[in-house]
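> Below is the sequence, then the predicted model.
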Amino acid sequence: MGSLNLYILKRRIRKWWKYLVVLIFLLAVYFGGFFHITGNISTTPPSEHSRNTMKEVFALRRQIRLLKSVLKQYSIPEKEYSDVLLPVIYVITPTYTRPQQKAELTSRLKSVFLHVPALHWIVVEDAPKKSQMVSNFLESSGLTHTHLHQSTPQEWKLKDSDPKWRKPRGVLQRNAGIRWLRSKFAHDANPRGVVYFADDDNTYSVELFHEMRDTHKVSVWPVALVGGVLVERPLVGSNGQVSSWLAGWKADRPFAMDMAGFAVNLSLLLNKSGVEFSIDAPIGFQESVFLEKLITQEELEPKADLCTKVYVWHTRTEQPDLKQEIRLNKVGKHTDEGIEL
Ligand SMILES: *[C@@H]1O[C@H](CO)[C@@H](O)[C@H](O)[C@H]1NC(C)=O
Ligand SMILES: *[C@@H]1O[C@H](CO)[C@@H](O)[C@H](O)[C@H]1NC(C)=O
């Protein structure tokens, strides 16, 4: 009986040995790899060093989980932070020295930009040299940044008595930003990115930056509290193209839009050599004159649910009341002595 069983077993083995070999091989690879990875734990007693490494890996994993949940809370799509090839958004911000400057740069811009992945902030001071305040601010901001300066000639500067729209504001500073981009990508055949002009007196929401992230040529969206109306916006026809403009002031401008209402594909901007903002554009036509050099109305890409959502507001901060400061200054006292605000 026993020898018969042995005989059958031998025959079976002869029949199946090839499969057995393959199986054993696969098991060896599987466990071999496994032992290789976990070798420190299972075969040799873990050294102090490797135990610390494992601890660090676990801690990092926990952190990633936590960060993912935070990003989810701010409704930042996973694609935005996991795609290493995400096109960078270059934000150009002209700024000038004033008591509320740091507050504006902090609350209106930095706090929002910190929630936006792949953002490069180009800050251009209207000044003969970079200020220590802005340098320190950018250094400690945690943002990828470039700090430039470009002063506006005295005769172009706004006086307190001038209406805000009288003279071109931020023109030379935006152009300095554009020139910096041109020289940075001078030898790049296929630069990828998006350019946005963000003044430091608007309010931006994080969603705005998701919207502009893929801009094939020029993308557009509504801007609230601008031009004397609640919302200035492109009107989108049934073909999905911009058909006209809803604006209070000069709605017949070729592109009746505020600076905050559009973003430009970096490659398009760089392709059109020499395109910049114009110092002699008629009052209120700065955006229009610039965009005419880049695009036609039909080519515009309406964002923000076909221009039905508001993600940016033109909200100015009230001038701070400094009557007492001025009085104190006259008797030689300065409340900002030894402290930066
Ligand atoms: C900008 O345009 C180029 C060329 O058409 C394209 O390859 C690139 O993907 C566009 N960039 C974005 C951010 O869509
Ligand atoms: C810019 O020019 C390059 C090369 O001619 C072209 O491949 C690219 O599509 C252009 N970019 C845009 C946004 O039109």
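Structure received. Ligands and ions are numbered 1, 2, ... in the order given.
> Tell me which stretches of the stretch 51-200 of the chain form strands.
Per DSSP state E, counting those that start in this stretch, the stretch 51-200 of the chain carries strands over the ranges 88-95, 119-125, 144-149, 193-197.
> possible to save the ones you listed as a markdown table with mean neighbour count?
C-beta coordinates here come from the backbone N, C-alpha and C atoms, glycine included. As requested, the strands of the stretch 51-200 of the chain are exported to a markdown table (neighbours: other C-beta atoms under 10 Å):
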| stretch | mean neighbour count |
| --- | --- |
| strand 88-95 | 24 |
| strand 119-125 | 23 |
| strand 144-149 | 16 |
| strand 193-197 | 24 |
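> between the ones you listed, which one is nearest to ligand 1?
Across the strands of the stretch 51-200 of the chain, ligand 1 has its closest neighbour in strand 193-197 (5.1 Å, C-beta to the nearest ligand atom).
> wait, does that closest one contact ligand 2?
No: for strand 193-197, no contact with ligand 2 is found by C-beta under 6 Å from any ligand atom; the gap never falls below 10.7 Å.
> close to ligand 1, is that strand?
Yes: Strand 193-197 lies within reach of ligand 1 by C-beta under 6 Å from any ligand atom, at residue 194.
> ok so, going back, with residue 56 as the reference, name the closest of the strands of the stretch 51-200 of the chain.
Of all the strands of the stretch 51-200 of the chain, strand 144-149 sits nearest to residue 56, with 25.9 Å by C-beta to C-beta.
> average pLDDT across that closest one?
The average pLDDT within strand 144-149 is 97.
> Which strands border it, and is each parallel or antiparallel?
Taking DSSP bridges as the criterion, strand 144-149 forms sheet pairs with strand 119-125 (parallel).
> from the chain's centre, how far out does the strand it pairs with sit?
Offset of strand 119-125 from its chain centre (C-alpha atoms, centre = their mean, to the nearest Å): 10 Å.
> what's the answer for stretch 176-193, then?
Averaged C-alpha coordinates place stretch 176-193 at 17 Å from its chain's average position (C-alpha atoms, centre = their mean).
> Could you work out the end-to-end span of that stretch for me?
Chord length of stretch 176-193, first to last residue, is 18 Å (C-alpha to C-alpha, to the nearest Å).
> got it, and stretch 193-202?
Stretch 193-202 stretches 22 Å from its first residue to its last (C-alpha to C-alpha).
> Outside of it itself, which residues are in contact with it?
With C-beta atoms under 8 Å, 6 or more residues apart in numbering as the test, stretch 193-202 has contacts from 87-95, 101, 104-105, 108-109, 170, 174, 178, 181, 204, 209, 212-215, 223, 259-260, 263-267, 269, 312-317.
> residues contacting the spatially most central residue of the chain?
Centroid-nearest residue in the chain: residue 119, 3.2 Å away (criterion: C-alpha atoms, centre = their mean). Shown in contact with residue 119 (C-beta under 8 Å, 6+ apart): 88, 89, 91, 113, 143, 144, 209.
> hmm, which two among the residues you listed are most spread apart?
Of all pairs drawn from the contacts of residue 119, the one with the longest distance (C-beta to C-beta) is 144 and 209, at 13.8 Å.
> residues touching residue 192, list them.
The contact partners of residue 192, by C-beta under 8 Å, 6+ apart, come to 85, 87, 88, 266, 267.
> now the third one: how far from residue 185?
Here the distance between residue 88 and residue 185 works out to 11 Å (C-beta to C-beta, to the nearest Å).
> Over to the fourth one?
Counting by C-beta to C-beta, the gap between residue 266 and residue 185 amounts to 7 Å.
> Then the second one?
Distance of residue 87 to residue 185, given as C-beta to C-beta: 13 Å.
> The spatially closest residue to residue 212 that is not a sequence neighbour: neighbour count?
Among residues not flanking residue 212 along the chain, residue 263 sits closest, at 3.9 Å (C-beta to C-beta, 6 or more residues apart in numbering). Neighbours of residue 263 under the rule other C-beta atoms under 10 Å: 26.
> what's across from residue 263 in the sheet?
Beta-bridge partners of residue 263, counted by DSSP bridges, are residue 196, residue 219.
> what about residue 168, neighbour count?
Residues lying near residue 168 (other C-beta under 10 Å) number 18.
> Report the helix or strand with the lowest average pLDDT across this structure.
Within the chain, no helix or strand scores below helix 2-42, which has a mean of 64 by mean pLDDT, DSSP states H and E.
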